[in-house]
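Asker: Please work out how this folds:
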Amino acid sequence: MEGLRRRRRPEVIIKIIDELRLKYHTTKTLILKALRISRSTYYYIRSIQNKPDKYAEITKIIKDIKDKNKSYGYRRVCLELTNRGYRVNHKLVLRIMKKNNLLSSSYSRKTRKYNSYRGQVGKLKSNQLNRRFNTDRPYQKLCTDISEFRYGNCDINHRVYLSPIMDLFSGEIISYNISSHPNMNCVMKPLKEVIQLVKGLPYRT
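Answerer: So this is what the prediction gives:
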(Lines give C-alpha, C1' and ligand atoms only; values in the text may rest on other atoms or scores of the structure.)
Protein backbone atom coordinates (compact mmCIF):
# COMPACT_ATOMS: atom_id res chain seq x y z
CA MET A 1 0.00 0.00 0.00
CA GLU A 2 2.93 2.30 0.74
CA GLY A 3 4.19 1.70 -2.79
CA LEU A 4 0.84 2.78 -4.20
CA ARG A 5 1.16 6.23 -2.66
CA ARG A 6 4.81 6.70 -3.60
CA ARG A 7 4.86 5.43 -7.17
CA ARG A 8 1.40 6.35 -8.50
CA ARG A 9 0.38 9.74 -9.83
CA PRO A 10 -2.54 11.45 -8.02
CA GLU A 11 -5.00 10.87 -10.88
CA VAL A 12 -4.13 7.17 -10.86
CA ILE A 13 -4.76 6.92 -7.11
CA ILE A 14 -8.22 8.48 -7.55
CA LYS A 15 -8.99 6.09 -10.40
CA ILE A 16 -7.95 3.07 -8.31
CA ILE A 17 -10.10 4.17 -5.39
CA ASP A 18 -13.15 4.68 -7.63
CA GLU A 19 -12.65 1.30 -9.30
CA LEU A 20 -12.37 -0.47 -5.93
CA ARG A 21 -15.58 1.19 -4.73
CA LEU A 22 -17.46 -0.07 -7.79
CA LYS A 23 -15.93 -3.53 -7.69
CA TYR A 24 -16.57 -4.26 -4.00
CA HIS A 25 -19.67 -2.04 -3.57
CA THR A 26 -18.27 -0.50 -0.43
CA THR A 27 -17.85 2.97 1.05
CA LYS A 28 -15.10 5.43 0.24
CA THR A 29 -14.09 5.56 3.91
CA LEU A 30 -13.39 1.83 4.03
CA ILE A 31 -11.30 1.95 0.83
CA LEU A 32 -9.26 4.91 2.12
CA LYS A 33 -8.67 3.12 5.41
CA ALA A 34 -7.51 -0.06 3.61
CA LEU A 35 -5.13 1.96 1.43
CA ARG A 36 -3.96 4.05 4.40
CA ILE A 37 -4.83 7.29 2.64
CA SER A 38 -6.36 10.11 4.69
CA ARG A 39 -9.62 11.77 3.63
CA SER A 40 -7.87 15.14 3.44
CA THR A 41 -5.33 13.71 0.96
CA TYR A 42 -8.12 12.22 -1.12
CA TYR A 43 -10.06 15.50 -1.35
CA TYR A 44 -6.89 17.47 -1.99
CA ILE A 45 -6.15 15.25 -4.99
CA ARG A 46 -9.74 15.73 -6.13
CA SER A 47 -9.36 19.51 -5.94
CA ILE A 48 -6.17 19.39 -8.00
CA GLN A 49 -7.91 17.36 -10.67
CA ASN A 50 -10.71 19.88 -10.98
CA LYS A 51 -8.34 22.82 -11.46
CA PRO A 52 -7.54 23.85 -15.04
CA ASP A 53 -4.05 22.89 -16.19
CA LYS A 54 -1.98 26.09 -16.25
CA TYR A 55 0.58 24.35 -18.48
CA ALA A 56 -1.99 23.26 -21.07
CA GLU A 57 -0.67 25.63 -23.73
CA ILE A 58 2.98 24.69 -23.33
CA THR A 59 2.00 21.00 -23.19
CA LYS A 60 0.24 21.38 -26.53
CA ILE A 61 3.33 22.98 -28.07
CA ILE A 62 5.59 20.24 -26.70
CA LYS A 63 3.28 17.59 -28.19
CA ASP A 64 3.44 19.42 -31.53
CA ILE A 65 7.26 19.42 -31.40
CA LYS A 66 7.33 15.71 -30.57
CA ASP A 67 4.88 14.88 -33.38
CA LYS A 68 7.28 16.44 -35.88
CA ASN A 69 10.48 15.20 -34.23
CA LYS A 70 9.81 11.91 -32.46
CA SER A 71 13.48 11.34 -31.54
CA TYR A 72 13.77 14.62 -29.62
CA GLY A 73 14.60 14.34 -25.91
CA TYR A 74 13.68 17.02 -23.40
CA ARG A 75 16.91 19.00 -24.01
CA ARG A 76 16.23 19.39 -27.74
CA VAL A 77 12.59 20.14 -26.99
CA CYS A 78 13.82 22.97 -24.71
CA LEU A 79 15.95 24.35 -27.55
CA GLU A 80 13.03 24.19 -29.95
CA LEU A 81 10.81 26.02 -27.44
CA THR A 82 13.47 28.73 -27.17
CA ASN A 83 13.60 28.99 -30.96
CA ARG A 84 9.84 29.50 -30.94
CA GLY A 85 10.11 32.29 -28.38
CA TYR A 86 9.12 30.39 -25.21
CA ARG A 87 11.32 30.57 -22.12
CA VAL A 88 10.56 27.39 -20.17
CA ASN A 89 12.63 25.79 -17.42
CA HIS A 90 14.10 22.45 -18.51
CA LYS A 91 12.80 20.77 -15.34
CA LEU A 92 9.24 21.76 -16.21
CA VAL A 93 9.67 20.45 -19.77
CA LEU A 94 11.00 17.15 -18.41
CA ARG A 95 8.09 16.88 -15.95
CA ILE A 96 5.49 17.57 -18.66
CA MET A 97 7.08 15.06 -21.01
CA LYS A 98 7.19 12.38 -18.29
CA LYS A 99 3.56 13.00 -17.38
CA ASN A 100 2.43 12.67 -21.00
CA ASN A 101 4.78 9.78 -21.93
CA LEU A 102 6.65 11.91 -24.44
CA LEU A 103 10.20 11.01 -23.45
CA SER A 104 12.30 9.54 -26.23
CA SER A 105 13.80 6.06 -25.75
CA SER A 106 15.83 6.06 -28.97
CA TYR A 107 19.08 6.83 -27.20
CA SER A 108 18.48 5.19 -23.89
CA ARG A 109 21.61 3.62 -22.40
CA LYS A 110 19.62 0.56 -21.48
CA THR A 111 18.38 -0.11 -25.00
CA ARG A 112 21.01 1.26 -27.34
CA LYS A 113 24.45 -0.34 -27.47
CA TYR A 114 27.41 1.08 -29.35
CA ASN A 115 28.01 -0.60 -32.68
CA SER A 116 30.83 0.52 -34.97
CA TYR A 117 29.81 -1.84 -37.81
CA ARG A 118 29.05 0.11 -41.00
CA GLY A 119 28.43 -2.78 -43.36
CA GLN A 120 30.81 -4.48 -45.76
CA VAL A 121 33.62 -2.21 -46.93
CA GLY A 122 35.89 -3.35 -49.74
CA LYS A 123 36.45 -6.96 -50.76
CA LEU A 124 36.31 -9.78 -48.21
CA LYS A 125 39.16 -12.30 -48.24
CA SER A 126 38.30 -15.98 -47.88
CA ASN A 127 39.13 -17.70 -44.57
CA GLN A 128 42.21 -19.58 -45.70
CA LEU A 129 43.45 -20.36 -42.20
CA ASN A 130 40.07 -21.83 -41.12
CA ARG A 131 41.32 -22.55 -37.57
CA ARG A 132 44.19 -24.69 -38.85
CA PHE A 133 46.77 -23.06 -36.58
CA ASN A 134 49.50 -25.70 -36.81
CA THR A 135 52.14 -25.68 -39.53
CA ASP A 136 55.38 -27.57 -40.28
CA ARG A 137 57.30 -24.68 -41.83
CA PRO A 138 58.31 -21.19 -40.64
CA TYR A 139 56.74 -17.97 -41.94
CA GLN A 140 53.82 -19.84 -43.52
CA LYS A 141 51.17 -18.83 -40.99
CA LEU A 142 51.52 -15.49 -39.24
CA CYS A 143 49.06 -13.78 -36.90
CA THR A 144 48.80 -10.32 -35.39
CA ASP A 145 46.79 -8.33 -32.89
CA ILE A 146 46.94 -4.95 -31.18
CA SER A 147 46.77 -4.60 -27.39
CA GLU A 148 46.47 -1.60 -25.08
CA PHE A 149 48.60 -1.35 -21.94
CA ARG A 150 48.21 1.33 -19.29
CA TYR A 151 50.95 2.59 -16.98
CA GLY A 152 51.57 5.35 -14.45
CA ASN A 153 48.16 6.69 -13.38
CA CYS A 154 46.46 4.12 -15.64
CA ASP A 155 44.37 6.84 -17.29
CA ILE A 156 43.90 7.71 -20.97
CA ASN A 157 47.05 9.83 -20.92
CA HIS A 158 49.21 6.92 -19.79
CA ARG A 159 48.78 4.11 -22.30
CA VAL A 160 50.73 2.45 -25.12
CA TYR A 161 49.76 0.04 -27.89
CA LEU A 162 51.61 -3.14 -28.83
CA SER A 163 51.28 -4.54 -32.35
CA PRO A 164 53.20 -7.86 -32.64
CA ILE A 165 53.35 -10.43 -35.45
CA MET A 166 53.80 -14.04 -34.36
CA ASP A 167 54.93 -17.05 -36.37
CA LEU A 168 52.56 -19.95 -35.60
CA PHE A 169 55.31 -22.44 -36.49
CA SER A 170 57.47 -21.58 -33.45
CA GLY A 171 55.34 -19.13 -31.44
CA GLU A 172 58.10 -16.55 -31.95
CA ILE A 173 57.37 -12.82 -32.21
CA ILE A 174 59.20 -12.03 -35.43
CA SER A 175 58.26 -8.33 -35.55
CA TYR A 176 56.52 -5.79 -33.34
CA ASN A 177 55.89 -2.12 -32.79
CA ILE A 178 55.06 -0.07 -29.68
CA SER A 179 53.22 3.19 -30.20
CA SER A 180 51.35 5.79 -28.17
CA HIS A 181 48.56 5.82 -30.76
CA PRO A 182 46.69 2.90 -32.43
CA ASN A 183 47.01 4.36 -35.91
CA MET A 184 47.86 2.90 -39.31
CA ASN A 185 51.60 3.32 -38.83
CA CYS A 186 51.40 1.32 -35.60
CA VAL A 187 50.38 -1.83 -37.50
CA MET A 188 52.07 -1.19 -40.86
CA LYS A 189 55.61 -0.82 -39.48
CA PRO A 190 55.95 -4.47 -38.25
CA LEU A 191 54.08 -5.72 -41.33
CA LYS A 192 56.59 -4.08 -43.67
CA GLU A 193 59.45 -5.68 -41.71
CA VAL A 194 57.83 -9.12 -42.07
CA ILE A 195 57.33 -8.65 -45.82
CA GLN A 196 61.10 -8.32 -46.14
CA LEU A 197 61.61 -11.53 -44.11
CA VAL A 198 59.33 -13.70 -46.25
CA LYS A 199 60.69 -12.57 -49.61
CA GLY A 200 62.00 -15.47 -51.67
CA LEU A 201 60.13 -18.23 -49.80
CA PRO A 202 59.28 -21.25 -52.02
CA TYR A 203 55.74 -21.38 -50.50
CA ARG A 204 53.00 -18.88 -49.83
CA THR A 205 52.69 -17.03 -46.50
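Asker: Return the helix or strand in this structure with minimum mean pLDDT.
Answerer: helix 2-7 (a mean of 47; mean pLDDT, DSSP states H and E).
Asker: Now do the helices in the protein.
Answerer: In the chain, the helices defined using DSSP state H lie at 2-7, 10-24, 28-35, 39-50, 56-68, 74-83, 90-99, 184-197.
Asker: ok, and for the fifth one, which residues are buried?
Answerer: Spelled out, it's helix 56-68. 58-59, 61-62, 65-66 (16 or more other C-beta atoms under 10 Å). The way it works is simple: take the backbone N, C-alpha and C, and place the C-beta from them, glycine included.
Asker: Same list, the residues you listed, but as TSV with distance to residue 104 and pLDDT please.
Answerer: Shown next, in TSV, are those (distance: C-beta to C-beta, whole Å; pLDDT from 0 to 100):
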residue	distance to residue 104	pLDDT
58	18	90
59	16	90
61	17	92
62	12	91
65	11	90
66	8	90
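Asker: can you count the residues close to residue 80?
Answerer: By other C-beta atoms under 10 Å, the residues close to residue 80 number 19.
Asker: how close does it get to residue 66?
Answerer: With the distance defined as C-beta to C-beta, to the nearest Å, residue 80 ends up 10 Å from residue 66.
Asker: One more: residue 151?
Answerer: For residue 151, the distance to residue 66 - C-beta to C-beta - is 49 Å.
Asker: Tell me who's in contact with residue 115.
Answerer: Residue 115 makes no contacts at all, as judged by C-beta atoms under 8 Å, 6 or more residues apart in numbering.
Asker: Give me the nearest residue to residue 133, chain neighbours excluded.
Answerer: The shortest distance from residue 133 to any non-neighbouring residue, by C-beta to C-beta, 6 or more residues apart in numbering, is to residue 168 (5.5 Å).
Asker: and that neighbour, how many residues sit next to it?
Answerer: Other residues within reach of residue 168, judged by other C-beta under 10 Å, total 17.
Asker: so it touches residue 135, yeah?
Answerer: Yes - contact status for residue 168 versus residue 135: in contact at 5.7 Å, counting by C-beta atoms under 8 Å.
Asker: Could you name every residue contacting both of the two?
Answerer: Common neighbours of residue 168 and residue 135, counting by C-beta under 8 Å, 6+ apart, are residue 141.
Asker: overlap in contacts of residue 80 and residue 66?
Answerer: Counting by C-beta under 8 Å, 6+ apart, the residues touching both residue 80 and residue 66 are residue 72.
Asker: So, low pLDDT: which residues of this structure?
Answerer: 1-11, 50, 105-113 (pLDDT under 70).
Asker: try 50
Answerer: 1-7 (pLDDT under 50).
Asker: The helices of the chain: which one's closest to residue 175?
Answerer: When these are compared by C-beta to C-beta, helix 184-197 sits nearest residue 175, at 3.9 Å.
Asker: which secondary structure elements does that closest one contact?
Answerer: strand 142-144, strand 159-167, strand 172-179 (3 or more C-beta pairs under 8 Å, 6 or more residues apart in numbering; DSSP states H and E).
Asker: 7 Å instead, please
Answerer: Applying 3 or more C-beta pairs under 7 Å, 6 or more residues apart in numbering; DSSP states H and E, we find helix 184-197 packed against strand 159-167, strand 172-179.
Asker: Thanks a lot, see you next time.
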